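Asker: Next come a sequence and a model predicted from it.
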Amino acid sequence: MKVALLSFAHVHAATYIQLLRDRSDIELIVTDPDAEPGDPTRGKTLADELGVPYRADYEEALAERPRAVIITSENTRHRQLVEQAAAAGAHILCEKPLATTEEDARAMIDACQQAGVSLMTAYPVRFHPAFTALRHSTTDGSLGRLLSVHGVNNSSPPALERSWFTDPALSGGGAIMDHTVHIADLIDVLLDGEQPTHVYAAANEHLSPAHEGAAEAVETAGLITLTYPRGLVTTIDCSWSHPATHPTWGGLTLTCVTERALVEFDAFPPLLTGYDTSRATPRWEPAATDLDAAMLNSFLTAARTGQRAHPDGHAGLRTLRIVLAAYESLRTGQPATITAA
């Protein structure tokens, strides 16, 4: 099956390439025409380094009629590439956030529905077996009603690797845009897609400078509180708070309080500890579960069989609406209301 990866802008692009390039059932082609000329971390230079066939632009890659397309561009370019890929008849896996505006997200969903192709949002943590166990334990009734959820998704600033993350014209925002969605998606799963009624956000911009040429700095630390119709309250810490010298790039945890128990989930527990003599820092080896590989396997199976991919574009839209409400709350200093879709 032919698969095309469009753009190397996102930090996950190289990971996806490495997971797919040696599979006997996949013919992988890639393109990154928006890279700055001479950038050694992108474009044909990176494709040659990773040993994958490179195409000059998106049109050339899509002209080969790939069965599946993976979009790892800057956030504000997702809509254009999804619409192009859908028009070419490809099933699509799009990096998160699905889009930066509700209008774009709905247009992407509509384009894929009209073309008869799947649109999947890249939420790999859904595929963690420990999260599956947590979901079962909190929804089977044995622990009583779910009372609150606290999620944390922290990392080093992604602009250390890709400067566009702090350019609102390309990213759509900072830490809230980048990190709210993973936790919001897990909560979405636990609540079967129920939307909050109110969103309150607090944020600051202290942890990294503004992108060169950007009109203003993006937020680098945030805390979001969500209130649901049944009275459930959840919080999301979405900060870029890890220093560059931290032994791990980031982490994601979820704490669920029920009537009878407290249930915790750690997506990336540091199971093994050691010391990196080359960097003179502690070293943590992550757990064996490869969430990106699990997500890609699910996407490729859906593309190959024509089944609907999950999490789909509607899941991406629901989490985006929470992000947009958080920005509205930041603008007003008051809780923002989410109306029924």
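Answerer: In hand now; what should we look at?

Asker: Check the contact between residue 138 and residue 146; I expect there is one.
Answerer: Yes: if you go by CB atoms under 8 Å, residue 138 and residue 146 touch, sitting 5.6 Å apart. All C-beta atoms are positioned from the backbone trio N, CA, C, and that covers glycine.

Asker: hey, what's in contact with both of those two?
Answerer: Shared contacts of residue 138 and residue 146, defined by CB atoms under 8 Å, 6 or more residues apart in numbering, comprise 190, 256, 258.

Asker: for the last one, phi and psi?
Answerer: If I follow you right, that is residue 258. Backbone torsions of residue 258, given as degrees, to the nearest 10, read phi -110, psi 180.

Asker: quick one, what contacts it?
Answerer: Residues near residue 258 by CB under 8 Å, 6+ apart: 138, 143, 144, 145, 146, 147.

Asker: What residues does the fifth one make contact with?
Answerer: Spelled out, it's residue 146. Contacts for residue 146 were tallied using CB under 8 Å, 6+ apart; they are 138, 139, 190, 232, 256, 257, 258.

Asker: Chain neighbours aside, what residue packs nearest to the second one?
Answerer: Just to be clear, that refers to residue 139. residue 190 (6.9 Å; CB to CB, 6 or more residues apart in numbering).

Asker: Which residue ranges of the stretch 1-150 of the chain form helices?
Answerer: 13-20, 43-50, 58-63, 78-87, 102-115, 129-139 (DSSP state H, counting those that start in this stretch).

Asker: let me redo that: the stretch 201-341 of the chain
Answerer: Ranges of helices in the stretch 201-341 of the chain, per DSSP H, counting those that start in this stretch, are 291-305, 313-332.

Asker: Where do the domain boundaries of the protein fall?
Answerer: Annotated domains of the chain cover 2-122, 125-303+311-337 [automatic domain parsing].

Asker: what would those look like in JSON lines with mean pLDDT?
Answerer: Formatted as JSON lines, those follow (pLDDT from 0 to 100):
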{"stretch": "domain 2-122", "mean pLDDT": "97"}
{"stretch": "domain 125-303+311-337", "mean pLDDT": "90"}
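
Asker: most packed of these?
Answerer: Most buried of those by mean neighbour count (mean count of other CB atoms under 10 Å) is domain 2-122; its value is a mean of 20.

Asker: got the end-to-end distance for that one?
Answerer: Using CA to CA, to the nearest Å, one end of domain 2-122 lies 19 Å from the other.

Asker: Likewise for stretch 79-99?
Answerer: The stretch stretch 79-99 measures 7 Å between its terminal residues, going by CA to CA.

Asker: leaving aside the residues next to it on the chain, what's closest to residue 340?
Answerer: Using CB to CB, 6+ apart and skipping the chain neighbours, the partner closest in space to residue 340 is residue 195 (7.4 Å).

Asker: Remind me which helix or strand that neighbour belongs to.
Answerer: According to DSSP states H and E, residue 195 maps onto no helix or strand at all.

Asker: quick one: it and residue 321 touch, right?
Answerer: Yes: under the criterion of CB under 8 Å, residue 195 makes contact with residue 321 at 6.9 Å.

Asker: show me the contacts for the closest residue to residue 302 other than its chain neighbours.
Answerer: In this structure, residue 302 finds its nearest non-sequential neighbour in residue 309, 3.9 Å apart by CB to CB, 6+ apart. Residue 309 is in contact with 91, 93, 118, 119, 120, 298, 299, 302, 303, counting by CB under 8 Å, 6+ apart.

Asker: Can you give me the separation between residue 309 and residue 328?
Answerer: To residue 328, residue 309 is 30 Å away according to CB to CB, to the nearest Å.

Asker: ok, now residue 9?
Answerer: Taken as CB to CB, the span from residue 9 to residue 328 is 27 Å.

Asker: again, but for residue 118
Answerer: 31 Å.
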